[in-house]
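*Asks:* have a look at this fold, sequence not included:
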């Protein structure tokens, strides 16, 4: 993973939807997080993240959000500033959709799920692509299977847990049945769509914990 992606992920982990912080506070939090989780600059450069690199990146980042959109995930966040303190918050719905219309559906979905993963939270099917008329939430889950499948394939290629495990329906608080079918066919579990709810929940809960434990989600390619 490139250096800029690592630094971006650090900011998400320590800053997203938190209280307003000064630049020094943001850098200190990110530096402590990188040390605690042994995060390196890049695969090519195994050295630890430095305070200087964080400061430089943060200045570029704050100047770029909403302007140059240098980093693809800027389409889903915005920065607030008050009295020298800054806040990074996620944006959803119509605004993020308009700004991200140049991305594929799979990329849009992946980056939305990535933000929720860093927040150790869930994403409801009904909140993904609200501009698309797909009927009820169950229909939307079914029609999104090709998109989710592409994301799951990406996760497996990068030896990551299935990030789609945190994409759930409001009614059941679980993914669609296709999630269990996919995981079974890929050899991740013996659980199937016909297994008991308890067996499905055990696998689902473990997969969600793995997703929330990931410290460094890669760029979607």
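*Replies:* Right, received. Where do you want to start? Model, not experiment: these values are computed from the prediction.
*Asks:* now do the buried residues in the longest helix seen in the chain.
*Replies:* When the chain is parsed with DSSP state H, its longest helix is helix 197-213. Across helix 197-213, burial judged by 16 or more other Cβ atoms under 10 Å covers 200, 203-204, 207-208, 211-212. Every residue, glycine included, has its C-beta placed from N, CA and C.
*Asks:* what of stretch 52-66?
*Replies:* 53-55, 57-58, 61-62, 65.
*Asks:* sort the residues you listed by pLDDT and name the bottom one.
*Replies:* Taking the buried residues of stretch 52-66 together, the minimum pLDDT is found at residue 65 (52).
*Asks:* give me the phi and psi angles of residue 16.
*Replies:* phi -60, psi 120 (degrees, to the nearest 10).
*Asks:* who touches stretch 3-14?
*Replies:* With Cβ atoms under 8 Å, 6 or more residues apart in numbering as the test, stretch 3-14 has contacts from 26, 29-30, 33-34, 39-42, 45, 49, 53-54, 57-58, 61, 71, 73, 88, 114-115, 118, 215-219.
*Asks:* beyond the least confident helix or strand in the chain by mean pLDDT, next helix or strand please.
*Replies:* In the chain, no helix or strand scores lower on mean pLDDT, DSSP states H and E than helix 94-99, which sits at a mean of 46. The C-terminal neighbour of helix 94-99 among helices and strands, as given by DSSP states H and E, is helix 105-118.
*Asks:* got the angle for that following helix vs helix 197-213?
*Replies:* If you take axes from the mean of the first three to the mean of the last three Cα atoms, to 10 degrees, helix 105-118 sits at 90 degrees to helix 197-213.
*Asks:* show me what helix 105-118 is packed against.
*Replies:* On a contact count with 3 or more Cβ pairs under 8 Å, 6 or more residues apart in numbering; DSSP states H and E, helix 105-118 meets helix 3-15, strand 123-124, helix 145-157.
*Asks:* nearest to residue 196 among those would be which one?
*Replies:* Residue 196 lies closest, by Cβ to Cβ, to one member of the helices and strands packed on helix 105-118: helix 145-157, at 22.7 Å.
*Asks:* next one: the helix or strand just after the closest one to chain centre, how far?
*Replies:* Beyond helix 145-157 on the C-terminal side, the first helix or strand identified by DSSP H and E is strand 167-168. Here the centre of strand 167-168 is set off from its chain's centre by 13 Å, with Cα atoms, centre = their mean, to the nearest Å.
*Asks:* mean confidence for strand 167-168?
*Replies:* On average, strand 167-168 scores 91.
*Asks:* pairing partners for that strand, with directions?
*Replies:* Strand pairing for strand 167-168, determined by DSSP bridges: strand 123-124 (parallel).
*Asks:* count of residues packed around the closest residue in space to residue 219 that isn't next to it in sequence?
*Replies:* Counting by Cβ to Cβ, 6 or more residues apart in numbering, the nearest residue to residue 219 once its immediate chain neighbours are dropped is residue 5, at 5.5 Å. By the measure other Cβ atoms under 10 Å, the count of residues near residue 5 is 17.
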